[in-house]
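Asker: Need a 3D model of the sequence below.
(chains A, B, C, D and E)
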Amino acid sequence: MDVFLRNGKGMLLAYDQGFEHGPSKDFNEKNIDPNYILDIAIKGGFTGVVLHKGIAERYYNGKVPLIVKLNGKSGLVQGEPLSTQVCSVETAVNLGAKGVGYTIYLGSANENVMLEEFGQIHDEAHNEGIPAIAWVYPRGGAVKNDEAPEIVSYAARVGLEIGADAVKIKYTGDSETFKWAVKAAGVSKVFMSGGPKAPTDESFLDQVRGAMNAGATGLAVGRNVWQHEEPLKIAASLQDIIFNGRDIAKPVQSPVATG
Amino acid sequence: MDVFLRNGKGMLLAYDQGFEHGPSKDFNEKNIDPNYILDIAIKGGFTGVVLHKGIAERYYNGKVPLIVKLNGKSGLVQGEPLSTQVCSVETAVNLGAKGVGYTIYLGSANENVMLEEFGQIHDEAHNEGIPAIAWVYPRGGAVKNDEAPEIVSYAARVGLEIGADAVKIKYTGDSETFKWAVKAAGVSKVFMSGGPKAPTDESFLDQVRGAMNAGATGLAVGRNVWQHEEPLKIAASLQDIIFNGRDIAKPVQSPVATG
Amino acid sequence: MDVFLRNGKGMLLAYDQGFEHGPSKDFNEKNIDPNYILDIAIKGGFTGVVLHKGIAERYYNGKVPLIVKLNGKSGLVQGEPLSTQVCSVETAVNLGAKGVGYTIYLGSANENVMLEEFGQIHDEAHNEGIPAIAWVYPRGGAVKNDEAPEIVSYAARVGLEIGADAVKIKYTGDSETFKWAVKAAGVSKVFMSGGPKAPTDESFLDQVRGAMNAGATGLAVGRNVWQHEEPLKIAASLQDIIFNGRDIAKPVQSPVATG
Amino acid sequence: MDVFLRNGKGMLLAYDQGFEHGPSKDFNEKNIDPNYILDIAIKGGFTGVVLHKGIAERYYNGKVPLIVKLNGKSGLVQGEPLSTQVCSVETAVNLGAKGVGYTIYLGSANENVMLEEFGQIHDEAHNEGIPAIAWVYPRGGAVKNDEAPEIVSYAARVGLEIGADAVKIKYTGDSETFKWAVKAAGVSKVFMSGGPKAPTDESFLDQVRGAMNAGATGLAVGRNVWQHEEPLKIAASLQDIIFNGRDIAKPVQSPVATG
Amino acid sequence: MDVFLRNGKGMLLAYDQGFEHGPSKDFNEKNIDPNYILDIAIKGGFTGVVLHKGIAERYYNGKVPLIVKLNGKSGLVQGEPLSTQVCSVETAVNLGAKGVGYTIYLGSANENVMLEEFGQIHDEAHNEGIPAIAWVYPRGGAVKNDEAPEIVSYAARVGLEIGADAVKIKYTGDSETFKWAVKAAGVSKVFMSGGPKAPTDESFLDQVRGAMNAGATGLAVGRNVWQHEEPLKIAASLQDIIFNGRDIAKPVQSPVATG
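Answerer: The predicted structure follows:
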């Protein structure tokens, strides 16, 4: 994961929403263009950018380390979620990826398909010498509240158990409960998922402060940056929190030791 | 895709309807014969022809660049649509294909099967040095209106995200909203799907003008040509619009830049 | 297909009913014995015999060209029909097959499994230099009447589209509508399916005359021959119609040209 | 199959009930021990013993020819039965198997999975030079009475059609209808399935006499022997019937000729 | 299995609960840390430790023989249980595993997937020269009480039939009925599953005494040790029972002989 970290912290720019949510839900005339996002990634000081195969293949310019998302589904489908591989590890590496990402809908009736596929991807990625990052999103009829602390920490823990080098999880709402999730993740690096655009900058930055305070390694963010009127301004604030620890109280308890 | 373009624009003659809809729904005594269609493809100035394996194998004459459709389903089946591979990329190439096509029913409960299969086809096609073209048709219980702008642009965007060299999508009904779909497709070339026979020539030509005005690369058309009384006459009108830009107002906004 | 034709016409003896319908439904003390059928195949002047692997392996004597049926299902199962491979192309060839047969239940919710499997079989058979013959039977909840002309011609057309060297379809009831099915099949040879024992010889022979008049290549028949009191007598009548064109008015329109 | 026959007849001791039914349903303190069964197999004059992989691997002593059962399911599962491979042909051969067995639940909504898997096993077994034996048990919602003559003979026939060297089927209740099943099986050897413990020895022996009279090759028996108070006594009676034809009237009609 | 035994008995420390149940259900601030567990494994005299791939890869220190659990599912999913492979045998061996574990939900509508997968794992593990251990847990709509003697003994028996070197099963509640389960398992070593934290130490130790008295090889325990206030104290008591036979009456009947 070191390639995606600066001083042990990371700030990833995610741009898979065109696939997952569709352009009309999340994009405007500017951020619909991948070049706009890649420009933000560079100028905003991001340590990684997350793209699907088709965008990586034809827009990626090599300037910010690349994570290729290996699976995806449309937001149209209902029922128990299932997202399977649309890109191989080998192809991702050929596109210049320094890491691969994969979403697991934990709690879905189809979770076993994704857990199994991640297992194989993990082996392949490590054979290529790159990290395998798990987006672990509890979802499906069995999951009532995917931001509940016990659900978020479950996601984090499964990331550890299946060997994810990093796990991307939702924020629990407060730093204290997020600490438990970070602890559950053990040596797997925790990236807070940025989620939909927050009502105010400050409310979003507060979440990030809470996550960092809880021991997170960093943030994987999309909409809160590239839907922002001034993406570089919010990116600067994020850098200040993530890399400089600005306004983050010391964690009340250090994260679990590594083996 | 260059092999299917003339001056950067393309006009593809599609003839997979015998499989998808059946002969009694779409054919008459003339157009039921593949030779009739191939003759139109040549004389009508088409830049590509789309055939299934069995017709390509036994009728194709090499005169117009060939796209082999790799999957297909009958129009009889109900429920969440699923169309899987009936022809391999290797076989298509052996039949003389210069490109392959594959239909993805986005929003179907089975979309993951098709997204995954396209991912593999895409790799194989690129290894063979030919383009992989996605017919992206939102369909299934979750899709209420497959011509709604936000649905068509979603289809276009997924084409980009999965690496389709070109994406075939329905027309949204007006040029302004189709522009958004073209923008969503980014560097993936957009081909408007001809659809069922329009009530009048002019109403169909207007759609094509709207699509071209919106920045489309071209048209993939079947019934509106080979169900026409005078196929070469309508083909000539289409050429005039697509290649010469006849009666197309300049797009109000240029399509997204490429990477 | 030439190995199964005499003067361009064919008469195949089908004997897969023990698997598809069971012995108590279709067999008597004589025709339950595969040797009885093989004897009819030779003496009745058949140009091919259709057997499953287990019978081909242990009864086939090499005297009439062999088609091995590669899939099969019992008549007990209800619901959307699904029949998958019980014999590989390689094994069929080792058993002496000069052609392979495969049933596709078009319109079944499972049609994609069979269409995909046929695609692979087709490639393998052609690599072995033998024809792949499709039994295309529209069936399942979406199919109300599998003898309706638009349904039979759909079956014929799919045979063409997927590359079947020959397609076995039901009779539509009259020569005029069967002509449309033959036309839909294009260069794929059409074999009329014999179906259950007709009430009288003449009513069955009339169907065969109608199919041949419509341009069919021939007949694939089982029960109407080997359930007959005098199989060789009915076989002689069939030969007279199929190979000599006895009592067949000239088709009103010649079948589609080949590429 | 010769390795499992003595003078053309066979008597197989089946011991897969621990897997299929569970120990509490079928076993007592003695017959729960595989060594007890292997001892009976030897001393009882059996021509073959049927075991699952785990018992074959650790108890089998090489003294009676071994058939390894390749699939299995628990008796707990409800719904349409499905039993898939738990042991490969290669592993079975390494364990000393001289034959392999596989259960097909004919009529199950899942029958195609088992028919397909048997097809592959059959090829592999014959490549290894050993017979593939099919347990064909009609079962599932579509099967009302699995001892009805038309159902049992259907099972026998499918055994023939798929190439089973031998087929194990239930008894129909009388010799006359079982003859039809034997005839349906053609050259596939027929083994009557012993079934649950009969109320009296004589009632069980009568079934065996009926099956042998009908032309069966032999018996595959478990519970009626190893649940018996005196297994070797009942085994002696069975030998007398099966190998010496004691009290078996000559079949009224000889079984079908072989090819 | 010898590597996991001391004087023929074994005491395994299981730590897959973070995956199976989630951290909030089973963990506290101490036992959420894998290092805490590994420390107990060493100091508590355990003969083996059970971990998932991700924890084995990054925490395992080689001091206690390792079993890698090859499949896993979250406790969130409802319906018929299905747990498939998240780690290959090869990867487990590379992580230092001296044995592999796999859970089979016997009685689940999906049991065949797991039985089949175990069959392959078993072959691979034996090729690597390490044991394959089956966690056999009857579960699903068809299983009313998974601690009923006839259900537990069924689980044990299936372990034997599929070749498990050891089988982990629940306690039946008393030594007498557990003896039947041990007998059913034959030469497969039986490990009692520790289960949730018992109300008192003594009630738990009584279960262990009962299992050992019944002929079990040992115990696979997690929560009753690492949720304990004094893990090393309870571990010492367990060692005394398991290895020294403290307070265990001699089994009333010796376990079944081996082949």
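Asker: Any idea how many residues pack against the residue in the stretch 151-259 of chain A that chain D sits nearest to?
Answerer: For the stretch 151-259 of chain A, the residue closest to chain D is A:Ile162, as judged by C-beta to the nearest C-beta, at 25.9 Å. Glycine gets a C-beta too; all of them are placed from N, C-alpha and C. Number of residues near A:Ile162 (other C-beta atoms under 10 Å in any protein chain shown) recorded here: 27.
Asker: how much space between it and A:Leu219?
Answerer: Per C-beta to C-beta, to the nearest Å, A:Ile162 is found 22 Å from A:Leu219.
Asker: What are the boundaries of the helices in the stretch 1-150 of chain A?
Answerer: Along the stretch 1-150 of chain A, counting by DSSP state H, counting those that start in this stretch, helices occupy A:17-20, A:23-26, A:34-43, A:53-59, A:89-94, A:111-128, A:149-161.
Asker: Let me know how buried the closest residue to A:Val143 other than its chain neighbours is, in neighbour terms.
Answerer: Leaving aside its sequence neighbours, A:Val143 sits nearest to A:Gly107 (C-beta to C-beta, 6 or more residues apart in numbering or on different chains; 4.4 Å). A count of neighbours around A:Gly107, defined by other C-beta under 10 Å, yields 28.
Asker: and what of A:Lys30?
Answerer: There are 11 residues near A:Lys30, going by other C-beta under 10 Å.
Asker: Contact partners for it?
Answerer: A:Tyr36 (C-beta atoms under 8 Å, 6 or more residues apart in numbering or on different chains).
Asker: what does A:Gly10 give?
Answerer: Contacts of A:Gly10 (C-beta under 8 Å, 6+ apart): A:1, A:4, A:47-48, A:166, A:189, A:191, A:217-219, A:242.
Asker: Show me what it is bridged to.
Answerer: A:Gly218 (DSSP bridges).
Asker: Could you check the pLDDT of it?
Answerer: Looking at A:Gly10, its pLDDT is 98.
Asker: Helix, strand or coil: sort out A:Glu176 for me.
Answerer: helix (DSSP: H, G, I helix; E, B strand; the rest coil).
Asker: ok, now how distant is it from B:Arg209?
Answerer: The value you get for A:Glu176 to B:Arg209, if C-beta to C-beta is used, is 61 Å.
Asker: higher neighbour count, these two?
Answerer: Taking neighbours as other C-beta under 10 Å, A:Glu176 and B:Arg209 compare with B:Arg209 leading, 19 against 14.
Asker: Other residues contacting the strand or helix carrying that one?
Answerer: B:Arg209 is part of helix B:201-213 when elements are defined by DSSP states H and E. By C-beta under 8 Å, 6+ apart, the residues outside helix B:201-213 that reach it are B:9, B:171, B:174-175, B:178, B:190, B:192, B:194, B:197-198, B:218-219, B:224, B:228, B:234, B:237-238, B:241-242, B:245, B:247-251.
Asker: gap between that helix and the chain center?
Answerer: Its chain's C-alpha centre lies 16 Å from the corresponding centre of helix B:201-213 when counted by C-alpha atoms, centre = their mean, to the nearest Å.
Asker: now stretch A:126-141
Answerer: In terms of C-alpha atoms, centre = their mean, the centre of stretch A:126-141 is found 10 Å from the chain centre.
Asker: same check, this time on stretch A:98-116
Answerer: Worked out by C-alpha atoms, centre = their mean, stretch A:98-116 lies 14 Å from the chain centre.
Asker: re the thing from before, the residue of the stretch 151-259 of chain A closest to chain D reaches E:Gln85, doesn't it?
Answerer: No. With contact defined as C-beta atoms under 8 Å, A:Ile162 does not reach E:Gln85; the gap is 11.4 Å.
Asker: Could you tell me the end-to-end distance of stretch A:15-31?
Answerer: 10 Å (C-alpha to C-alpha, to the nearest Å).
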